[in-house]
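> The following block contains a protein sequence and its predicted model.
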Amino acid sequence: MTPFGIRKKLKSLLGGGKSADTGASERPAWEVRVTAPDGSDYTVQGKQGETLVTVSGRGAYPIMTGCAEGDCGTCRVEVLAGAGSVSSEGSREQNTRQTYKVQDGWRLGCQARLEGPGLHLRIVDPFADQPAA
């Protein structure tokens, strides 16, 4: 993310200046069930069109991400239920998933967007030992 992008994101999060998320309050919101790396479950509210990284940031265990641009693969999450409630994969996400051998049924939280109700995802710690694909 460029320095300009960081400033813009901080301003929108802090409510300063013109928000890039105009009309956000008018979008539908749904509960998203999250299973944290420690196995605990919690729910957060997410609005239509928000990335899974943004949605998870409202909870106790936000999705870790190294780039937020779909290049590093650290924000991978497993979709346990409600795959139809997430946006379709774009070519950038597909390429990154192939490069880092991210399994089917998993998505990049910085690229996948909430599109409907019924989503349950599992956040993993990208630095912990994970089973081989």
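Yes, it's here. Numbers count the residues shown, from 1 in each chain.
> Closest to the centroid, which residue in the protein?
Against the mean C-alpha coordinate of the chain, by CA atoms, centre = their mean, the closest residue is Leu52 at 2.1 Å.
> these two touch, right, Ala83 and Gly105?
Yes - assessed by CB atoms under 8 Å, Ala83 is found in contact with Gly105 at 7.5 Å. The C-beta positions use only the backbone N, C-alpha and C, and glycine is treated the same way.
> These two - which one has more neighbours?
Neighbour tally, Ala83 and Gly105, criterion other CB atoms under 10 Å: the higher count belongs to Ala83, 14 against 9.
> Could you pull up phi and psi at that one?
phi -60, psi -30 (degrees, to the nearest 10).
> ok, now which ones touch it?
Gly105 (CB atoms under 8 Å, 6 or more residues apart in numbering).
> do the one 3 residues further on as well
With contacts defined as CB under 8 Å, 6+ apart, the neighbours of Val86 are 52, 79, 107, 112-115, 119.
> Just the buried ones from those residues, in ChimeraX syntax?
Applying 16 or more other CB atoms under 10 Å to the contacts of Val86, the buried members can be selected in ChimeraX as follows:
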select :52,79,107,112,113,114,115,119
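> Pull out the buried positions in stretch 117-133.
119-124, 126.
> er, stretch 76-92 I mean
76-77, 79, 82, 85-87.
> With secondary structure, pLDDT and distance to Thr65 added, can I get those residues in TSV?
Shown next, in TSV, are the buried residues of stretch 76-92 (DSSP: H, G, I helix; E, B strand; the rest coil; pLDDT from 0 to 100; distance: CB to CB, whole Å):
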residue	secondary structure	pLDDT	distance to Thr65
Arg76	strand	94	10
Val77	strand	96	10
Val79	strand	97	17
Gly82	coil	97	21
Ser85	helix	98	20
Val86	strand	98	16
Ser87	coil	98	17
